[in-house]
Structure formats: C-alpha cells, structure tokens
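Visitor: Everything below, folded, please.
(one chain, ligands or ions: 1)
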Amino acid sequence: PEAPLLAGKTVTISAGPTREALDPVRYISNHSSGKMGYALAEAALALGAHVHLISGPVALTPPPGCEVHAVSSALDMHQAAMKLAPTSDVFIGCAAVADYRAADIAEQKIKKQGEEMTLTLVKNPDIIADVAALTAQRPYTVGFAAETQDVAQYAQGKLKNKGLDMICANDVSQAGIGFNANDNALTLFWGNAQQSLPLASKSELALTVVKAIAGKLN
Ligand code: PMT
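Guide: Reported below is the predicted structural model:
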C-alpha cells in the first residue's frame, strides 16, 4: 500500500482522444488509447485522492472509485474541465485534444465529391491553458506534450506558453512507447528543473508522476 500523500485532495485527470464530428457518421481523432490517463487516475486513487476522470471515447474500464465524466469532443471536454477545475487541487491534462474541429458539422452524411475536397477547420479552445489561467481557484496544473522532434524544447515552450506548473514530455516518435503502448518514458519539466523517467510500464510511471506532483503541493 502507498502512503496517502493525496488524502483530502481532489485530482481531475483528462484522458484519451477527442472526436471531432464531420457529419453523422465521420469524425477526426487520434491514436490515444487512454492508457496513460487511466493509469494516472489509478495512481492518484492509490495515494488517497478523490479522482475525477474526464474521459474521451476509449475501450478501457475506469479504475474503481473514480468519478467518470464521459465526453466526446474537445468542446465537451473543455466544458467538463472548466466545471471541475475550480474545486480541484490538481488538474492533469493527459488527453490528446484535437487542436481543430470542423467549422460546420454537416447535418446529413457528406456525399462523395470530385477528386479533391476541402474541409474547413476552426481552432478548439486550449483546455489546459484555460485551467492554468484560472485566478481565484486555480489547481496545480500539469500538462503532457506529445512530440516527434525537439521534444524538450517544444515541451518547455508549452510549459511556459500555457502557464503550466509542470509538463510531462512524451517522445512519441520512439517505438514501443507513447500512443497505445503499455510502456512509456517521460521527462518532467517544472520551473527550471527537469527529471527523466526512463522506460517503464504506464502504471509505474503514473505512480512516479503523481508522487512528484504530491511533493509540489503546499
Ligand atoms: O492515451 P495513450 O494511448 O496512453 O497515450 C498517452 C499520450 C501519448 C496521449 C499521453 O502521454 C500524452 O502525451 N498526452 C498529450 C497528448 C497531446 O495531445 O499533446 P499536445 O502536445 O498536443 O498538447 C499539450 C497539452 O495541451 C496536453 O496536456 C493536452 O491535453 C493539452 N491541450 C491540447 C490542445 C487543446 N486544445 N487543449 C488542451 O488542453
């Protein structure tokens, strides 16, 4: 059993992909399985936290004991996050949120067109940046960064530009880790410090990440 480092704390975690509908039968999404986010939820529960899991569409069973908020689009996820964040001590954005959605969702199935077709996309809100920008009731805010190149540089840029307290950089160009894998490797960045967490199962890594976060509270 783990020491109850998060007893009395509320931790909200986003996990999985978002789905951006194009019409009644099609959507834009990504390869996130939810495994990393669900492992974080399990780790936070093991440390005694009250856990809200905001989950995009995934094929996983949520860890028993957390409150699940099922969402589909980035706009749905944004709404759930902004509702839960002000009463949370920690917010971890592990979800792979679509940066853009269709400008219009067609009411009927889009018909096959000529050799080319153009989709117009508009920007989604940046969920984690909006959480980090809360003033009165701001949780300790942790993001993830999935990168295929210049991982440390891009991750540190996101830490700063999104106003986060910590970011977990994930090199998703490496085989066997990242999207959908059971294992992962992360580098945590906060302030001017960093810590490398070498290859391990997502469960083991989640526990290390959540303990690191617990150590930063108060
Ligand atoms: O789900 P798995 O299969 O286990 O895979 C895990 C993972 C690779 C998805 C996970 O470890 C990970 O890296 N998650 C972040 C994926 C991502 O979309 O990163 P990003 O660099 O695009 O976004 C940076 C941060 O901003 C993230 O915390 C993201 O949740 C957040 N974001 C992004 C866009 C947006 N509109 N709103 C956001 O809140």
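
Visitor: Let me see the ranges of the strands in this structure.
Guide: 10-15, 20-23, 26-28, 50-55, 67-70, 90-93, 100-102, 121-123, 140-147, 166-171, 183-190, 193-201 (DSSP state E).

Visitor: Could you export those as JSON lines, including mean pLDDT?
Guide: As requested, the strands of the chain are exported to JSON lines (pLDDT from 0 to 100):
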{"stretch": "strand 10-15", "mean pLDDT": "98"}
{"stretch": "strand 20-23", "mean pLDDT": "98"}
{"stretch": "strand 26-28", "mean pLDDT": "98"}
{"stretch": "strand 50-55", "mean pLDDT": "98"}
{"stretch": "strand 67-70", "mean pLDDT": "98"}
{"stretch": "strand 90-93", "mean pLDDT": "98"}
{"stretch": "strand 100-102", "mean pLDDT": "98"}
{"stretch": "strand 121-123", "mean pLDDT": "98"}
{"stretch": "strand 140-147", "mean pLDDT": "97"}
{"stretch": "strand 166-171", "mean pLDDT": "96"}
{"stretch": "strand 183-190", "mean pLDDT": "97"}
{"stretch": "strand 193-201", "mean pLDDT": "96"}
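
Visitor: Select, out of these, the one closest to A132.
Guide: In terms of Cβ to Cβ, the element of the strands of the chain nearest to A132 is strand 140-147, at 4.3 Å. In short, each C-beta sits where N, CA and C put it, glycine included.

Visitor: if we look at the closest one, which residues are touching it?
Guide: 36, 89-94, 96, 128, 131-132, 151, 154-155, 158-159, 162-173, 178-179, 209, 213, 216-217 (Cβ atoms under 8 Å, 6 or more residues apart in numbering).

Visitor: rewinding a little: distance to the ligand and mean neighbour count added to the strands of the chain, as a markdown table?
Guide: Below are these laid out as a markdown table (distance: least, Cβ to the nearest ligand atom, whole Å; neighbours: other Cβ atoms under 10 Å):
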| stretch | distance to the ligand | mean neighbour count |
| --- | --- | --- |
| strand 10-15 | 6 | 28 |
| strand 20-23 | 11 | 18 |
| strand 26-28 | 13 | 16 |
| strand 50-55 | 10 | 26 |
| strand 67-70 | 15 | 15 |
| strand 90-93 | 3 | 28 |
| strand 100-102 | 9 | 18 |
| strand 121-123 | 8 | 11 |
| strand 140-147 | 3 | 23 |
| strand 166-171 | 4 | 24 |
| strand 183-190 | 6 | 20 |
| strand 193-201 | 11 | 13 |
